[in-house]
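Student: from the sequence below, what's the structure:
(2 chains)
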Number of protein chains: 2
Amino acid sequence: MRDSNRRWHLAARPEGEPELDCFEMREGERPTPNDGELLVSVHYLSVDPYMRGRMRDTASYAEPWAVGDPLSGGVVGEVVESEHDGYAVGDLVTGRGSWADYTVLDGDDVTEVDPSVADLPAYLGVLGMPGRTAYFGLFDVAEPRAGETVVVSGAAGAVGSTVGQLAKLQGCRVVGFAGTDEKVDWLVDDLGFDAAINYATTDDYRAALDDAAPDGVDVYFDNVGGPITDAVFTRLEVDARVAVCGQIAHYNDEAVPTGPRKLPQLIAPRATVQGLLVSDYTPRFDRAAERLAGWVADGDLRHRETVVEGLEHAPEAFLGLFSGDNIGKQVVRVAEAAQSGENTEN
Amino acid sequence: MRDSNRRWHLAARPEGEPELDCFEMREGERPTPNDGELLVSVHYLSVDPYMRGRMRDTASYAEPWAVGDPLSGGVVGEVVESEHDGYAVGDLVTGRGSWADYTVLDGDDVTEVDPSVADLPAYLGVLGMPGRTAYFGLFDVAEPRAGETVVVSGAAGAVGSTVGQLAKLQGCRVVGFAGTDEKVDWLVDDLGFDAAINYATTDDYRAALDDAAPDGVDVYFDNVGGPITDAVFTRLEVDARVAVCGQIAHYNDEAVPTGPRKLPQLIAPRATVQGLLVSDYTPRFDRAAERLAGWVADGDLRHRETVVEGLEHAPEAFLGLFSGDNIGKQVVRVAEAAQSGENTEN
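Tutor: Numbering: from 1, shown residues only, chains lettered A, B, ... in the order given. From the prediction side, this is the model:
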């Protein structure tokens, strides 16, 4: 165990697309857990699009970071010191901690992970916050019924790829939008999507939708916004439901983005559009995690992680979200197994 | 009873704001009812914003009129010939008929009106389709709870003025947007709105909302769209519900209108936006009509009609909707009481 600790801080608020000089790595002493806390060696940390919002100087659902604050998010790692009765050194846990080599977590706020169900990075993706977001966003907000057509934007991302597969389990026709042929192939060939549209190489999204979703759109799970969403809104069927999970196309906008007005498009189909935050479903997280783990264990729910190697590259991993570098969940590998004593991953 | 019958037809599809030469009055013979039908002397006819959609050459929820078709909508009048067992000459009924002196109605599709509850024009407004739209849009779609703040656009119109009063009955704080001081005074002084904003003389809608709705917006009942809606969307509270009933600001747009994107604004408040069509609630119309009539009879629900005199001015009455000429329901008085034998209105 090293005595020093590297940790990323917000160096400056980004304007538009974040740049590397918005991030600063500081080196300090390894922190010490207080009563009830754990010191965790971070094996993987999560970078997520919503973090862009925390870099703004405006209050929203996630508290803004101050300039100089350490960056934080989902982490999975190994307990290296425990001041909590529930956990011992060597336990593998996930929780919310710093982008750092070591992070102190409240023992009451972590969850033990089972590497026999899935490798550690999956606990930041399909078995973590993105998986739960997909689960509640799809089942509680979008409420797809068997036989309906479900369209997902950002379909090859951590949330979107889970949404599409859950909708397939529900008996729906599933169409995804993704940005590379490799992603499109993964969605259709490996995950069982009925169709996928490469938005980077397709000129006419509406025509592509008419091919891929000939009966129109009953459910739209939106992670992206922008022109994809504009096209989907012209194809909403009666009683359509739109779950607004993310709008990554607009997270770097400095001015309020404009686009085709959508409210006039809602009247004829009596469509419903609803924003969602996964934190609203906290009381039901355990049940969702149990079900998601069951589908993963049964092979009904596949997942993939894009791993950026090394804590020093965490900012690049975050920036990569906005250029669509990731297939599945984007994570950063912080600790080598040998270095931290990890030996349970396989 | 006159032998001839004047009737309005669609002479040309409007481009942008309709003009008078889009309408043509034709004179023909008085029609004759077939078995099961009624010949009705039209006393009042309704002009409604949704009719603009029927003038377009695009399929929507209401079938488009062909050029040359007679114009039609809600009418209230007196039976002058009956081929239906349920109605006799002299009965006062409401249904959907032509913009004409006389119209033939299917006796199974009309409703008898009771002039002791309200004057005949009210059966085209608070006791007609607009009243039912307000009822179902508010109670079924927006679902306001006591203590919530409800904002209504087009608040002095037939639907909006009913929505606001129903929300007051429900124990809400009610704020309306309307376009003249006279309307604003009517909303606050006569209908009991907590506040009303004259959008024509107010520069900063957001600041005005902050004054009128200091706790933010829980429910927005939108009849209008445009900049009012843009402002309200920046003030949505957690769990806000938006009922999209109409978008009159955009009905004359030839291109798809653009504006601030609203989906990114839905996530933090987990807001729900839903389009509505009153026809979805047909099975419950009788119960709604009964309740609305009860509130009117009890003096809890006030109404007002703006009456344009003379069938020859029906197109102007319709055009007036887009310039906000009406306070309450816009109707056209077609028949004089003396001319048609009407003597029950008071």
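
Student: from here on, just use CA atoms for contacts and neighbour counts.
Tutor: Will do.

Student: okay, the closest residue to A:Arg6 other than its chain neighbours: pLDDT?
Tutor: Nearest in space to A:Arg6, with sequence neighbours left out and distances taken as CA to CA, 6 or more residues apart in numbering or on different chains, is A:Glu27 at 4.4 Å. Per-residue pLDDT puts A:Glu27 at 97.

Student: then A:Glu27 would be within a strand, right?
Tutor: Yes - A:Glu27 sits within a strand when classified using DSSP: H, G, I helix; E, B strand; the rest coil.

Student: what sits against it?
Tutor: Contact analysis of A:Glu27 by CA atoms under 8 Å, 6 or more residues apart in numbering or on different chains lists A:Ser4, A:Asn5, A:Arg6, A:Arg7.

Student: buried members of these into ChimeraX, please.
Tutor: Of those, the buried ones go into a single ChimeraX selection, burial set by 16 or more other CA atoms under 10 Å in any protein chain shown:
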select /A:5,6,7
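
Student: okay, who's weakest in the contacts of A:Glu27 by pLDDT?
Tutor: Across the contacts of A:Glu27, the bottom pLDDT score, 93, is held by A:Ser4.

Student: show me the contacts for that one.
Tutor: By CA under 8 Å, 6+ apart, A:Ser4 lies in contact with A:Glu27, A:Gly28, A:Glu29, A:Arg30.

Student: filter those down to the buried ones, ChimeraX style.
Tutor: Here the buried members of those are turned into a ChimeraX selection, burial being counted by 16+ other CA under 10 Å:
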select /A:30
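
Student: the contacts of A:Ser4: which two are farthest apart?
Tutor: Greatest spatial distance in these: A:Glu27 and A:Arg30, 9.1 Å, computed using CA to CA.

Student: mutual contacts of these two, please.
Tutor: With CA under 8 Å, 6+ apart, A:Glu27 and A:Arg30 have common neighbours A:Ser4, A:Asn5.

Student: quick check: phi and psi at the closest residue to chain B within the stretch 101-250 of chain A.
Tutor: Chain B sits closest to A:Gln247 of the stretch 101-250 of chain A, with a gap of 6.0 Å, by CA to the nearest CA. Main-chain dihedrals, A:Gln247, degrees, to the nearest 10: phi -140, psi 60.

Student: ok, A:Ala66 next?
Tutor: With angles defined as degrees, to the nearest 10, A:Ala66 sits at phi -80, psi 150.

Student: do the same with A:Ser82
Tutor: Dihedral pair for A:Ser82: phi -130, psi 130, per degrees, to the nearest 10.

Student: run through the bridge partners of it.
Tutor: Taking DSSP bridges as the rule, A:Ser82 bridges to A:Leu38.

Student: so how far is A:Asp108 from it?
Tutor: Note on A:Ser82: its distance to A:Asp108, by CA to CA, to the nearest Å, is 12 Å.

Student: and what of A:Asp204?
Tutor: As for A:Asp204, its distance to A:Asp108 is 50 Å (criterion: CA to CA).

Student: again with A:Val67
Tutor: Counting by CA to CA - A:Val67 and A:Asp108 are separated by 28 Å.

Student: for A:Ile248, same thing?
Tutor: 32 Å.

Student: now the helices for the stretch 201-346 of chain A?
Tutor: All helices of the stretch 201-346 of chain A, identified by DSSP state H, counting those that start in this stretch, fall at A:205-212, A:226-233, A:263-267, A:285-298, A:314-320, A:337-340.
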